[in-house]
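Q: Following is a predicted model, sequence given first.
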Amino acid sequence: MTAIRRDNLWHDFFYTELTTGLRRGELCGLKWSDFDSKAGTLKICRTIRSGKGGTLEAGDTKTYAGKRTILLPHSTIQLLKKRKETALTEWIFPDLLNPEKPTHPAGAYRQLKKFLAEAGLPDIRFHDLRHTFATHALAGGVDAKTLSGILGHTKASFTLDTYAHVTGDMQRHAAQVVGDFIQDIL
């Protein structure tokens, strides 16, 4: 984030990704009509993907559970409110050269790779940002059912299977807490 702080569009784009865990196409497909600053929510109701001939298509989310409304952290609400003050288009993250269009998911991927290389950071996939969000959410105590809803997974079991490494750490922590409690009592 430090490496991209000077670039408002991309800073805001990646900050929103890391605080919401959206799929790349979902993030690119956000419109201002999806953002409720008073309620602090973001409605996820479309995804952007490449169509025939390199055109962009707006379509349905990956799963029926993908259509969802999520609560945003305060910092993300403030960031989007500030961004909306100077918005000239319906898209929260418009294409820089064609603001009437959303950011192309492939362009977001290339931008991530560029920033990683410039900062001398390891090469990761865009989807790893989603995994980072989910891993930190679980490690921070967000339950699997709630996280499943935020991520747009159809079943909490999928979320648990995907992030089993985190739940293993959480189980170790739980065992330690219970062990310490019992030891104190006895």
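A: Okay, I see it.
Q: Leaving out chain neighbours, which residue sits closest to the residue most central in space within the chain?
A: With the centre of the chain defined as its mean C-alpha position, the nearest residue by CA atoms, centre = their mean is Gly21, 2.2 Å away. Nearest residue to Gly21 in three dimensions, chain neighbours excluded: Phe133, at 3.4 Å (CB to CB, 6 or more residues apart in numbering). Every C-beta, even on glycine, is put in place using the N, C-alpha and C of the backbone.
Q: For the one you found, grab the count of nearby residues.
A: Residues within reach of Phe133, counting by other CB atoms under 10 Å, total 19.
Q: Quick one: the helices in this protein, in order.
A: Taking DSSP state H as the test, the helices found in the chain are 8-20, 24-28, 74-85, 105-119, 127-139, 144-151, 156-162, 164-185.
Q: Can you tell me which of these is most buried?
A: The densest packing among the helices of the chain, expressed as mean neighbour count by mean count of other CB atoms under 10 Å, is seen in helix 24-28 with a mean of 25.
Q: Other residues contacting it?
A: When contacts are defined by CB atoms under 8 Å, 6 or more residues apart in numbering, helix 24-28 is touched by residues 13, 16-17, 20, 44, 46-49, 61, 66, 93, 102-105, 108-109, 126-127, 152.
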